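Novice: next come a sequence and a model predicted from it.
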Amino acid sequence: RISGKLATSATKKKDYSGLTRTIVLTVREEGVLALYRGVTPTLLGAMPYEGIKFGTVGVMETYMLKEGEQPSFFQKMCFG
């Protein structure tokens, strides 16, 4: 939300000159909830991705590691 306002500030008359100023103006004019507008689609898009990643890591650890073995740094990086 904030980055969008900063990007379009050149075409609008309001002074969105920095991050702090943009947050203050947004809260003053639209309320605190305006800072969270758009978070629902972001979370809905991230949940399947994170779920698949979490499941994949579990399966890879099960098949790639011996019983009780701790993954090395390199293995953790490869697992995701």
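Specialist: Looks like it arrived, so ask away.

Novice: Glu29: neighbouring residues, count only.
Specialist: Neighbourhood size, Glu29 [other CB atoms under 10 Å]: 9. C-beta coordinates here come from the backbone N, C-alpha and C atoms, glycine included.

Novice: nope, Leu35 is what I was after
Specialist: So Leu35, with other CB under 10 Å, has 15 neighbours.

Novice: residue numbering should commence at 622 henceforth.
Specialist: Fine by me, first position is 622 from now on; the one you just mentioned is Leu656.

Novice: wait, it sits on Thr643?
Specialist: No - counting by CB atoms under 8 Å, Leu656 stays clear of Thr643, with 10.0 Å between them.

Novice: relative to Leu646, how far out is Ala667?
Specialist: Going from Ala667 to Leu646 by CB to CB, to the nearest Å gives 28 Å.

Novice: who has more neighbours, these two?
Specialist: Neighbours were counted for Ala667 and for Leu646 using other CB under 10 Å; Leu646 has more, 15 against 10.

Novice: mind checking how far that one is from Tyr637?
Specialist: From Leu646 to Tyr637 the distance is 7 Å (CB to CB).

Novice: ok, Gln691 next?
Specialist: On the measure of CB to CB, Gln691 and Tyr637 end up 49 Å apart.

Novice: between these two, which one's more packed in?
Specialist: Tyr637 (19 against 8).

Novice: so what does the longest helix along the chain touch, helix or strand wise?
Specialist: Identified as the longest helix of the chain according to DSSP state H is helix 660-685. Judged by 3 or more CB pairs under 8 Å, 6 or more residues apart in numbering; DSSP states H and E, helix 660-685 is in contact with helix 694-700.
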